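1. build me a model:
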Amino acid sequence: MKKLVTFLLAFGICATASVAQGALEKGINAEKKGLDDLAEQYYKEAADTNAEARLHLGLIAEKREHIGEAAKWFSSVDSNAVAKAHLSYCFTELQQWPEAKQAAEKSIELADSADGTTRAIAMGTLALVNCQKENYTNALHWAHQAAKEDPSSARIQNVIGVIYYRRGNDNEAMAAFREALKKDPNNVDAHFNLGSMYCFRGNYDMAVTTIRRGLKENRRSAKLFYIFGWAYLLKGDKDRAIECLQNVLQIDSGYVNAYNRLGDIYHERADYNHAIEQYRHAVQIAPHLPEAYRLMGRTYAEQGDFAKSIRNYQKAVEKNPNDGETYCRIAELYGQQNKPKQEQANYKRAARLGNEKARQWCTRHGITYQ
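-> Predicted structure coming up:
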């Protein structure tokens, strides 16, 4: 009887694995035909028992720019170089830098030396991690190593462009983004980055033109609709900006920056309650990021609610302790409440972080901040 039970259990496991393998193969065939929705259904049928199905689900989610969902699928795949490489990319998009570094290093450790594409993605992540730390020499080293691993990669050209931009080499950055579009004319990140650079240069019409080109082939890109909205916002067309940002949230309800920009528009219109509502959405989605807390602090201050303003500013500096500007704002609020000890302490923190306004305040009051 015991042998029979063991046999039946083994038979059940084999049957389940066979069903999962069949669903996986159907998913792969559907994906080859461009039927991603159908492929996703098949992969989900196999996902409980098949790691490769979970990897494919992650890749589909990443392609759709559903980064949080993609990260969850990739995280569920153990000891797989491809999953770790793509997970590292997702973490950079989510601005979770220590996790990005760890996943990239694990991917390189696991990757076959012949798998240049996977190694390039992981090395590109390490380049971005170093860029975030303003270690541009190491960042470029990793980026160029990645380009050697996969010379055809538009993704890596984008990474190189980001590093040049962060280093202040705008012309080199734009050249890298254009090179990325030569490698892949439909690359979302290249259109996004070029559009961003045109916005930074004040050439909003060119930004709009560039983003429209990207949207022709990527009609469901939340990233492109977001930068489209930002360009219109900078142009002063707030109604078009709101329309674009709402499109972003219809595509991806977890797109943090869209909530922040909508909040900014409501803030400019002195509609503070709606602004705070948008910032709260951002905080719920990404509590580890400081921007929404900082923006809520600003909004509460304009409402005259100094206590809530200070609380949110303090949360912002908890997330980013090097934000001298926010320490300066906290000091100003304590000054308006006639709380000199807290005012001085925060001005000193801001001054130590290089904030010029805080340093001038300390000098006028004869306070040493070093």
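2. alpha carbons only for contacts and neighbour counts from here, please
-> OK.
3. pick out the residue nearest the middle of this structure.
-> Centrality entry for the chain: nearest residue to the mean C-alpha point is residue 93, 2.6 Å, by Cα atoms, centre = their mean.
4. that residue contacts residue 67, correct?
-> Yes. Contact criterion Cα atoms under 8 Å: residue 93 and residue 67 qualify, at 7.3 Å.
5. helix or strand with the lowest mean pLDDT in the chain?
-> Between all helices and strands in the chain, the lowest mean by mean pLDDT, DSSP states H and E belongs to helix 2-32, at a mean of 68.
6. any idea which helix or strand comes after it?
-> Scanning forward in sequence from helix 2-32 by DSSP states H and E, the next helix or strand is helix 36-46.
7. roughly how far is that next one from the heart of the chain?
-> Counting by Cα atoms, centre = their mean, to the nearest Å, helix 36-46 is centred 26 Å from the centre of its parent chain.
8. again with stretch 148-162
-> Remark: stretch 148-162 is offset 18 Å from the chain centroid, using Cα atoms, centre = their mean.
9. what does that stretch rub up against?
-> 116-117, 119-121, 124, 127-128, 140, 143-144, 146-147, 172-177, 179-181, 183-184, 187, 189-190, 193 (Cα atoms under 8 Å, 6 or more residues apart in numbering).
10. let's see 7 Å
-> Stretch 148-162 is contacted from outside by 116-117, 119-120, 124, 128, 140, 143, 146-147, 172-174, 176-177, 179-181, 183-184, 189-190, using Cα atoms under 7 Å, 6 or more residues apart in numbering.
11. now stretch 277-285
-> 254, 256, 259, 260, 262, 263, 292, 296.
12. let's see which of the residues you listed end up in strands.
-> If you go by DSSP state E, those have nothing in strands.
13. got these as a markdown table, with neighbour count, pLDDT and distance to residue 108 columns?
-> Shown next, in a markdown table, are those (neighbours: other Cα atoms under 10 Å; pLDDT from 0 to 100; distance: Cα to Cα, whole Å):
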| residue | neighbour count | pLDDT | distance to residue 108 |
| --- | --- | --- | --- |
| 254 | 19 | 90 | 30 |
| 256 | 22 | 94 | 30 |
| 259 | 25 | 97 | 35 |
| 260 | 25 | 96 | 35 |
| 262 | 26 | 96 | 39 |
| 263 | 28 | 97 | 40 |
| 292 | 30 | 97 | 34 |
| 296 | 30 | 97 | 40 |
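14. what about these, which are in helices?
-> Those of those mapping onto helices are 256, 259, 260, 262, 263, 292, 296, per DSSP state H.
15. reformat the residues you listed as TSV; add distance to residue 74.
-> Formatted as TSV, these follow (distance: Cα to Cα, whole Å):
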residue	distance to residue 74
256	21
259	26
260	27
262	31
263	32
292	27
296	33
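16. just name the closest of the residues you listed to residue 228, please.
-> Set against residue 228, the nearest of the ones in helices among the contacts of stretch 277-285 by Cα to Cα is residue 262 (13.1 Å).
17. list the contacts of the closest one.
-> Neighbours of residue 262 in contact, by Cα under 7 Å, 6+ apart: 242, 278.
18. for residue 31, same thing?
-> residue 39.
19. how much space separates it from residue 167?
-> Using Cα to Cα, to the nearest Å, one obtains 39 Å as the distance from residue 31 to residue 167.
20. can you check residue 37 too?
-> 41 Å.
21. where does pLDDT dip in this protein?
-> Where the chain drops to pLDDT under 70, the residues are 1-17.
22. please enumerate the strands of it.
-> In the chain, no strands are defined using DSSP E.
23. quick check: the closest residue to residue 214 other than its chain neighbours vs residue 211, distance?
-> Excluding its sequence neighbours, the residue lying closest to residue 214 (Cα to Cα, 6 or more residues apart in numbering) is residue 191, at 5.7 Å. Here the criterion is Cα to Cα. By it, residue 191 lies 6 Å from residue 211.
24. swap in residue 159?
-> For residue 159, the distance to residue 211 (Cα to Cα) stands at 19 Å.
25. more neighbours, those two?
-> residue 159 (30 against 26; other Cα atoms under 10 Å).
26. and that one, how far is that from residue 227?
-> Note on residue 159: its distance to residue 227, by Cα to Cα, is 18 Å.
27. mind exporting stretch 268-282 as PDB, just the C-alpha atoms?
-> Taking C-alpha atoms only, stretch 268-282 is exported to PDB below (Å, rounded to 0.1, in the frame of the first residue of the first chain):
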ATOM      1  CA  GLU A 268       0.700  75.600  -8.900                       C
ATOM      2  CA  ARG A 269      -3.100  76.100  -9.100                       C
ATOM      3  CA  ALA A 270      -3.200  76.400  -5.300                       C
ATOM      4  CA  ASP A 271      -5.400  73.300  -5.200                       C
ATOM      5  CA  TYR A 272      -3.400  72.000  -2.300                       C
ATOM      6  CA  ASN A 273      -5.800  69.200  -1.200                       C
ATOM      7  CA  HIS A 274      -5.700  67.600  -4.600                       C
ATOM      8  CA  ALA A 275      -1.900  68.100  -4.700                       C
ATOM      9  CA  ILE A 276      -1.400  66.300  -1.400                       C
ATOM     10  CA  GLU A 277      -3.700  63.500  -2.600                       C
ATOM     11  CA  GLN A 278      -1.400  62.900  -5.500                       C
ATOM     12  CA  TYR A 279       1.800  63.000  -3.400                       C
ATOM     13  CA  ARG A 280       0.200  60.500  -1.000                       C
ATOM     14  CA  HIS A 281      -0.300  58.100  -3.900                       C
ATOM     15  CA  ALA A 282       3.400  58.400  -4.700                       C
END
